[in-house]
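# starting from these lines, generate the structure:
(one chain, ligands or ions: 1)
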Amino acid sequence: MAAAADGGTDSKAQNGKANGRLKGHHSGPEFEFFGPYLGPLAIMLGLPLVCYGLVYACNSSGCMHLAPKFSIPGFPPAHRLFTWQALGVYVAWFVAQALLHLLLPGQRRQGVALPDGSRLTYKLNGLRNMVVSMAAVLYFGFYRRSLDLGWVYDNYLPLITASIIFSAALSAYVYAASFARGAVLAKGGNTGRPLYDFFIGRELNPRLGGFDIKEFCEVYPGLIGWVVIDLAMAHKQLTSGGGLSAGMVLVCAFQALYVLDALWFEPAILTTMDITSDGFGFMLAFGDLAWVPFTYSLQARVLVDHSQPLSVAAIAGIVALKALGYLVFRGSNSQKDQFRRDPAHPRVASLRTLPTERGTRLIISGWWGIARHINYTGDWLMGLAWCLPTGLQSPIPYFYAIYFLALLMHRDRRDDHACRAKYGRDWDKFCGIVKYRLFPLLY
Ligand code: NDP
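Numbering: from 1, shown residues only. You can find the predicted model right below:
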């Protein structure tokens, strides 16, 4: 995720979390995120605090309530923020994912042309890493019960700290390594202001031999780790005596499906802004390695202690919402991808389009005739379906839906800005035809 601030997954595979870019300017650099100092500093301190804050606001001691009386539980007693054991487990997880990535077979794909005209080759095997990781977790954790998955729940806070320390250390390493001769630098992360460059990412594609650190972090340890954390929460619920709740099953299944979709479409990540233009710095490292696994697993964690009974009608409604979201999300993303790859393909050949002076055509019917970012709408509907199984006890489990709506609205504005720059008057014409941004008749 971009990661944090913009992070995620189209799944991550199609997302480009394109924040953190320096806009080209002749009279000096123009900084994003209220940079070069205050904004990056606030984000680097603030987002880790949000990770802790979500635990503070909802845990085994209770969940924050707004009404009838405001209440917030605070950290449960005797919880430590840091342990060497948690740091060791976190590093072991990262190394295990790296080894699987290196050892398992995978397809080789070329990325887009770099500023110097060269292209990098990527090894892609996220789906295989996921299958092997899931098989191990299910076999040792659920079947043999020799792996104490509940440990993850009991050590959630020190694991968050471990992920923050690890992302900061990795960002420091890639920042230092970016000064090596021959490193291709990201336009937006090469301003000469160390704090800002550390935050945005100075080097475009930091690598260790053929191992691409950015693509690996974007896809493997965080996304697969998120599903493992969900399963660990399910294990904790199961072994705490109450059995698995319907809500937990829904959340785990929905989020695993989301990650599987991202891994299935892993090659699409190579054309996202994250890979093609963003440097790899604290923003992406923290987003991928801390924010995604530890804030996206919020609903599963909440359900360990605050499971709510769900009626058959509620379950059916939530499943229908998730299915609708997925249909819109996958349908629209695949339609645009197909159209950009082969506009003559029978599945997209009959779409109505707007020719532009830039030479490319904009789709004005099908999914893309409904709203200008209908893919975001589908993504958000799925996110809402992840929150609903927690019931209406507290606003905290809805953090994802609220944060993600804000992120997508901001992202829509940024893409609108970029498209206006790309397409000029044609973009105005397009906006006149496709009037809504995300929600037909509403927004
Ligand atoms: P999009 O896939 O929406 O891509 C935007 C680009 O598509 C535009 O710049 C334009 O580029 C092209 N385009 C826009 N409108 C049209 C049209 N009508 N016809 C043809 N081409 C068009 O953006 P993102 O990369 O932001 O999102 C991809 C997915 O990632 C989304 O589903 C999103 O929800 C998801 N995502 C998930 C996150 C998470 O944390 N879970 C975070 C961020 C995104 P051009 O014309 O140059 O081709």
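# show me what residue of the stretch 101-250 of the chain gets nearest to the ligand.
In the stretch 101-250 of the chain, the residue that lies nearest the ligand is residue 223 (10.0 Å; Cβ to the nearest ligand atom). Every C-beta, even on glycine, is put in place using the N, C-alpha and C of the backbone.
# the strands in the protein, which residues?
58-59, 62-63, 107-110, 121-124, 207-208, 211-212, 353-355, 361-363 (DSSP state E).
# give me whichever of the ones you listed is most buried.
Mean neighbours per residue, mean count of other Cβ atoms under 10 Å, is largest over the strands of the chain for strand 58-59, with a mean of 24.
# hang on, the earlier thing: now for the strands of the chain, which one comes closest to residue 159?
Evaluated over these, closeness to residue 159 peaks at strand 58-59, with 13.9 Å, by Cβ to Cβ.
# and the strands of the chain: which comes nearest residue 98?
So among the strands of the chain, strand 211-212 is nearest, using Cβ to Cβ, at 7.3 Å.
# who are the packing partners of the closest one?
In this structure, strand 211-212 packs against helix 84-103, with contacts taken as 3 or more Cβ pairs under 8 Å, 6 or more residues apart in numbering; DSSP states H and E.
# on that earlier part again, could you dump the strands of the chain to a markdown table with distance to residue 342 and mean pLDDT?
Below are the strands of the chain laid out as a markdown table (distance: least, Cβ to Cβ, whole Å; pLDDT from 0 to 100):
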| stretch | distance to residue 342 | mean pLDDT |
| --- | --- | --- |
| strand 58-59 | 47 | 94 |
| strand 62-63 | 49 | 91 |
| strand 107-110 | 17 | 94 |
| strand 121-124 | 21 | 96 |
| strand 207-208 | 31 | 95 |
| strand 211-212 | 27 | 96 |
| strand 353-355 | 14 | 94 |
| strand 361-363 | 13 | 92 |
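# want to throw the ones you listed into JSON lines with distance to residue 315?
Output for these, formatted as JSON lines (distance: least, Cβ to Cβ, whole Å):
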{"stretch": "strand 58-59", "distance to residue 315": "22"}
{"stretch": "strand 62-63", "distance to residue 315": "21"}
{"stretch": "strand 107-110", "distance to residue 315": "38"}
{"stretch": "strand 121-124", "distance to residue 315": "35"}
{"stretch": "strand 207-208", "distance to residue 315": "46"}
{"stretch": "strand 211-212", "distance to residue 315": "41"}
{"stretch": "strand 353-355", "distance to residue 315": "40"}
{"stretch": "strand 361-363", "distance to residue 315": "35"}
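# which of those sits closest to residue 310?
Closest to residue 310 of the strands of the chain is strand 62-63 (Cβ to Cβ; 16.9 Å).
# what lies in contact with that closest one?
57, 71, 73, 302, 305-306, 393-394, 396-397 (Cβ atoms under 8 Å, 6 or more residues apart in numbering).
# just the buried ones from these, in PyMOL syntax?
PyMOL command restricting those to the buried ones, with burial defined by 16 or more other Cβ atoms under 10 Å:
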select buried, resi 57+73+302+305+306+393+394+396+397
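# closest to the ligand out of the contacts of strand 62-63?
Using Cβ to the nearest ligand atom, residue 397 is the member of the contacts of strand 62-63 that lies nearest the ligand, at 16.9 Å.
# any idea how far the nearest residue to that closest one once chain neighbours are set aside is from residue 312?
Spatial nearest neighbour of residue 397, chain neighbours left out: residue 390 (3.8 Å); criterion: Cβ to Cβ, 6 or more residues apart in numbering. Per Cβ to Cβ, to the nearest Å, residue 390 is found 18 Å from residue 312.
# by residue count, which helix of this protein is the longest?
The residue-count maximum for a helix in the chain (DSSP state H) belongs to helix 312-341.
# which parts of the stretch 101-250 of the chain are helices?
126-136, 150-154, 156-177, 194-200, 213-219, 221-237, 246-264 (DSSP state H, counting those that start in this stretch).
# Throw these into CSV and include mean neighbour count and distance to residue 422, thanks.
Output for the helices of the stretch 101-250 of the chain, formatted as CSV (neighbours: other Cβ atoms under 10 Å; distance: least, Cβ to Cβ, whole Å):
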stretch, mean neighbour count, distance to residue 422
helix 126-136, 19, 30
helix 150-154, 19, 44
helix 156-177, 20, 30
helix 194-200, 23, 22
helix 213-219, 26, 24
helix 221-237, 25, 30
helix 246-264, 21, 26
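# same list (the ones you listed) but as TSV, adding distance to residue 42 and mean pLDDT.
Formatted as TSV, the helices of the stretch 101-250 of the chain follow (distance: least, Cβ to Cβ, whole Å; pLDDT from 0 to 100):
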stretch	distance to residue 42	mean pLDDT
helix 126-136	32	97
helix 150-154	30	95
helix 156-177	16	97
helix 194-200	11	96
helix 213-219	23	97
helix 221-237	23	97
helix 246-264	29	97
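# residue contacts, the residue nearest to residue 397?
Residue 390 is in contact with 247, 251, 299, 302-303, 306, 308, 397-398, counting by Cβ under 8 Å, 6+ apart.
# for the lowest-mean-pLDDT helix or strand in the chain, packing partners?
Ranked by mean pLDDT, DSSP states H and E, the weakest helix or strand in the chain is helix 273-276, scoring a mean of 82. When contacts are defined as 3+ Cβ pairs under 8 Å, 6+ apart, helix 273-276 sits against helix 213-219.
# do the helix it packs on and the ligand meet at all?
No. Applying Cβ under 6 Å from any ligand atom, one finds helix 213-219 separated from the ligand by no less than 11.2 Å.
# centre of the chain to stretch 432-443, how far?
Here stretch 432-443 is found 25 Å from its chain centre; the criterion is Cα atoms, centre = their mean, to the nearest Å.
# close to the ligand, is that stretch?
No. Using Cβ under 6 Å from any ligand atom, stretch 432-443 stays clear of the ligand, coming no nearer than 6.8 Å.
# still on that earlier bit, give me the subset of the contacts of strand 62-63 lying in helices.
Per DSSP H, the subset of these in helices is 57, 302, 305.
# isn't residue 378 up against residue 327?
Yes. Look at residue 378 against residue 327 with Cβ atoms under 8 Å: they come within range, at 7.1 Å.
# compare neighbour counts for those two and give me the winner.
The neighbour comparison of residue 378 against residue 327 (other Cβ atoms under 10 Å) goes to residue 378, with 22 against 14.
# quick one: contacts for that one?
Taking Cβ under 8 Å, 6+ apart, we find residue 378 in contact with 324-332.
# filter the residues you listed by proximity to the ligand?
With Cβ under 6 Å from any ligand atom as the criterion, the contacts of residue 378 include residue 329 near the ligand.
# out of the contacts of residue 378, which is nearest to the ligand?
The nearest member of those to the ligand, counting by Cβ to the nearest ligand atom, is residue 329 at 5.5 Å.
# report pLDDT for that closest one.
Looking at residue 329, its pLDDT is 95.
# identify the residues contacting it.
10, 375, 378-379, 381-382.
# any idea what residue 65 is bridged to?
Beta bridges link residue 65 to residue 71, judged by DSSP bridges.
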